[in-house]
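J.: Have a look at this prediction, sequence included:
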Amino acid sequence: FLVKKYGTSTDHTSIKRQVIEFGEFSKQLKIDLSGVKVEMVYLDTRIKRILSKSTTVGDLRPLMDDIFHVKDVERRLWLKKMPNNFILLKEDKDEIEDFNLSVDNLVVILETKQSDGTWSDKYSSAAKIQSNFERNSSSAFRTKNLNHRSGEVESVATRSMTQAHVARSISGGLVGLNNLGNTCFMASALQCLSNIPALTQFFISDAYESEINEKNPIGNRGDLARAYGDLMKQMWCGTSSTVAPRHFKSVLGRCAPQFSGYLQQDSQELMAFLLDGLHEDLNRITNKPYINQEDAPENTADSVAAQRAWDNHKKRNDSIITDLFHGQYRSRLECPDCMKVSKIFDPFMYMSVSLPRKEEKIREIDIIWLDAEKRRTRYKIVTPREGQVIEMLYAAEKASGLSADRMMICELSQAIIESTFSPTQKLRDIRDGRYSLCIFEREPHLPVIKVYNAYKGNVYRGYTSYLKFFGNPLLMQVPKEEMSYKEFIISLYMKMSRYVQLTEEVLQSEETLPFKIKVVNQFGVEQSHDLCDENDNLNVHMSSGKPVAYIALVWDMDAKDEYFKLEECNAIDYHDSYRTTKARKNEVNLEDCIEMYCKQETLNEDNMWYCPNCKDFKQASKKLDLWKLPKVLVIHLKRFCYSRHWRDKIETMVNFPQHDLSLKKFMLSTDQNHIKYDLRGVVNHYGGLGGGHYTAYCHSVADDKWHVYDDSHVASCSPEKCNSPSAYVLFYSQQEPGVNGASNGVQPMEVD
């Protein structure tokens with residue numbers, strides 16, 4: 001169109017750009033206008049080109065062969081990450097857009113074998129630490145002779161050897177992950193998984209490559225496992241203090257579209273998907289048999305039923321993730337009517353435990369008094385997070401001395417009453433932070449009229465804008481006996497006399513008042529009703545028979561400025577409690593949370609169990625017991641609570657041990673009562689719902705110390721730092737038999 005309309009110059013140069021496909025599910029086409037600047041290097045020759053973002057490593061190979069006339073010789077490509085730091089490009093399907101290193105252009109180097117048939121160490125020298133590390137790791141991995149089919153895990157001696165190899169590069173693993181845009185949730189989970197020695201060893205030794213299952217229909221063709229393996233090698237090669245996980249983020253987004261953008265996500269959800277995705281990519285079972293899950297037959301020993309269920313599970317699920325992270329629990333259901341018992345043994349990959357709701361919440365609340373001379377007073381009160389509104393009223397009564405039966409509690413929004421609460425409503429119905437909480441003093445058992453102050457905007461082309469509200473609402477109570485309209489106006493004025501100054505002449509009639517009284521609804525919309533009847537009496541009953549609940553004093557703009565002292569109306573006195581009130585320290589133990597996870601409960605009406613005896617759905621009692629413990633125990637502390645009407649984050653401090661965690665108390669089987677765990681990592685969440693920030697504390701085998709991982713920043717820290725109210729996901733690993741838990745199962749290493 002532009003060429004047809006304006007033509008072209010005779011000496012013009014065409015700028016060619018590719019049309020590329022984008023979108024995960026709904027494919028669309030777009031012009032790749034900017035492209036990616038790529039500098040291609042071979043020996044002393046450098047060629048710069050702008051290539052499409054969709055260009056892959058597989059496209060680069062023949063392109064560079066053609067440009068540099070390289071044929072019939074073994075060659076490989078290197079990506080220059082930074083001076084003296086290069087990455088070998090192995091995967092042909094990787095797109096160059098994924099290698100964006102925040103530089104002006106990408107530098108790709110073509111290397112060919114030397115005349116003696118060997119590779120030069122010019123580019124690979126920077127990767128020597130990684131190469132030696134991989135060779136040592138592979139040797140250690142072969143030494144342990146892990147029998148994957150039987151699910152056995154390496155011996156004590158072999159595991160110590162593995163940790164020694166991991167620790168040979170003292171900087172290996174102590175690497176920050178650049179924040180690509182709200183990716184702290186991903187970085188924190190990756191750092192904790194990176195510091196699980198057995199898992200990281202499996203990937204950096206390339207042992208995973210032989211177990212990739214590309215034919216698994218519910219897997220990712222091995223893409224996720226390869227991307228994770230490449231990232232672990234970058235983090236443990238010991239050549240850089242930070243890594244930009246762009247390629248991993250890109251692959252993750254393709255495998256799970258919910259993680260494809262740059263919105264803040266939940267770290268635990270990412271961890272759960274990643275472990276499940278790695279499991280399916282590395283599942284050694286290529287042809288899963290169909291197995292019908294059934295209740296354990298009556299009179300069958302638990303040990304027999306549990307082993308049968310575990311064997312069935314392993315027939316369909318067998319991977320490094322199964323070996324390390326999968327455990328087993330028994331679920332017992334009992335019908336309340338016929339006493340039928342159902343027992344099922346199920347696997348688990350992590351435990352999501354609820355937190356006992358013992359904590360308290362500090363709330364700011366204002367009281368507007370019946371006494372017109374008293375200013376609005378602000379208090380800080382301590383209430384439970386869960387409970388009824390009456391508990392808040394009692395707390396306000398204790399702070400203010402005002403009887404709870406004289407209180408009406410509301411939420412205010414821009415000088416109007418958004419909602420009111422009855423004493424029996426749930427505290428969770430109060431929307432913290434969105435509206436201000438206010439208590440109106442009132443006389444019990446008298447009708448209430450809420451009074452707004454408002455004015456109308458300017459008239460434009462015959463249209464008058466809707467009411468605009470200002471100041472504090474008032475509460476007017478009308479006696480049950482008849483009241484004249486004039487008496488009502490005087491009583492109304494007395495309520496405002498502290499900040500509205502009117503003369504007796506002005507109060508004589510409605511015509512001389514600086515405002516008009518309009519009946520409105522809760523949100524300030526005018527209603528067709530006149531408060532003054534034909535006998536000049538107050539008419540508080542609308543034609544529908546309902547009492548008038550809201551009125552608005554619609555002020556003339558000039559009169560508002562003259563008579564209404566807005567600053568005094570909005571003035572607040574602060575009670576001593578506002579400065580001194582603090583919530584009592586609230587702490588629980590991890591044992592309390594696990595106890596809640598395992599305790600017996602009655603199913604609610606939305607989650608009833610079908611009893612095969614009664615042939616009906618029943619609110620059965622349910623009890624969980626641990627049976628088989630995993631090598632790596634992941635515990636998710638459920639700090640986020642959701643319902644249809646409210647959301648909340650639980651800030652309770654959870655005390656958890658760093659050494660010698662025992663679950664013997666919750667084990668139904670006695671075979672693993674000796675097992676104890678040591679803490680390896682903690683994911684932390686700071687802030688509120690819908691945002692916040694994630695960090696991680698991890699114990700590194702590189703130097704046998706604790707470190708804090710905050711995106712690209714890594715620093716050593718004391719072990720005591722790990723216990724905080726921000727702890728969200730805990731990672732434990734089993735102690736080695738005979739190893740003192742105080743060392744966390746890792747002996748001090750010397751660097752070669």
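T.: Perfect, thanks for sending it.
J.: Now do the helices for the stretch 451-600 of the chain: every range, in order, please.
T.: Along the stretch 451-600 of the chain, the segments classed as helices by DSSP state H, counting those that start in this stretch run 485-496, 557-563, 566-569, 577-580, 590-598.
J.: Can you lay out the ones you listed as a markdown table showing distance to V251 and mean neighbour count?
T.: Any C-beta I mention is one placed from the backbone N, CA and C, and that applies to glycine too. Formatted as a markdown table, these follow (distance: least, Cβ to Cβ, whole Å; neighbours: other Cβ atoms under 10 Å):
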| stretch | distance to V251 | mean neighbour count |
| --- | --- | --- |
| helix 485-496 | 66 | 17 |
| helix 557-563 | 62 | 14 |
| helix 566-569 | 59 | 13 |
| helix 577-580 | 52 | 13 |
| helix 590-598 | 33 | 18 |
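J.: how about those, which one is nearest V57?
T.: Nearest to V57, of all the helices of the stretch 451-600 of the chain, is helix 590-598, at 46.5 Å by Cβ to Cβ.
J.: who touches the closest one?
T.: 351-356, 623-626, 635, 637, 654-657, 661, 663, 665-666, 730 (Cβ atoms under 8 Å, 6 or more residues apart in numbering).
J.: Go ahead and measure how far that helix is from the middle of the chain.
T.: Distance of helix 590-598 from its chain centroid, counting by Cα atoms, centre = their mean, to the nearest Å, is 22 Å.
J.: Alpha carbons of that helix, as CSV, please.
T.: Coordinates of each C-alpha in helix 590-598 appear next as CSV, following Å, rounded to 0.1, in the frame of the first residue of the first chain:
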residue,chain,number,x,y,z
LEU,A,590,6.4,-28.1,62.2
GLU,A,591,5.3,-31.1,64.2
ASP,A,592,1.9,-29.3,64.8
CYS,A,593,1.5,-28.8,61.1
ILE,A,594,2.2,-32.4,60.2
GLU,A,595,-0.1,-33.5,63.0
MET,A,596,-2.9,-31.5,61.4
TYR,A,597,-2.0,-33.1,58.0
CYS,A,598,-2.4,-36.6,59.5
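J.: export the helices of the stretch 451-600 of the chain to JSON lines and tack on distance to E39?
T.: Formatted as JSON lines, the helices of the stretch 451-600 of the chain follow (distance: least, Cβ to Cβ, whole Å):
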{"stretch": "helix 485-496", "distance to E39": "76"}
{"stretch": "helix 557-563", "distance to E39": "68"}
{"stretch": "helix 566-569", "distance to E39": "66"}
{"stretch": "helix 577-580", "distance to E39": "63"}
{"stretch": "helix 590-598", "distance to E39": "54"}
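J.: In CSV: those helices, plus mean pLDDT and distance to C722.
T.: Below are the helices of the stretch 451-600 of the chain laid out as CSV (pLDDT from 0 to 100; distance: least, Cβ to Cβ, whole Å):
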stretch, mean pLDDT, distance to C722
helix 485-496, 87, 56
helix 557-563, 88, 58
helix 566-569, 91, 50
helix 577-580, 86, 32
helix 590-598, 89, 12
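J.: Give me the pLDDT for the residue located most distally from the centre of the chain.
T.: Most distant from the centre of the chain: N535, at 63.4 Å, with distances by Cα atoms, centre = their mean. Note for N535: predicted pLDDT of 77.
J.: rewinding a little: derive a ChimeraX selection command for the buried subset of the contacts of helix 590-598.
T.: Of the contacts of helix 590-598, the buried ones go into a single ChimeraX selection, burial set by 16 or more other Cβ atoms under 10 Å:
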select :351,353,355,356,624,625,626,635,637,654,656,657,661,663,666,730
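J.: which secondary structure elements does the helix or strand hosting D366 contact?
T.: Assigned by DSSP states H and E, D366 belongs to strand 360-368. Judged by 3 or more Cβ pairs under 8 Å, 6 or more residues apart in numbering; DSSP states H and E, the packing partners of strand 360-368 are strand 376-384, helix 389-400, strand 436-441, strand 467-477.
J.: any idea of the angle the longest one forms with strand 360-368?
T.: By that I understand helix 389-400. 70 degrees (axes from the mean of the first three to the mean of the last three Cα atoms, to 10 degrees).
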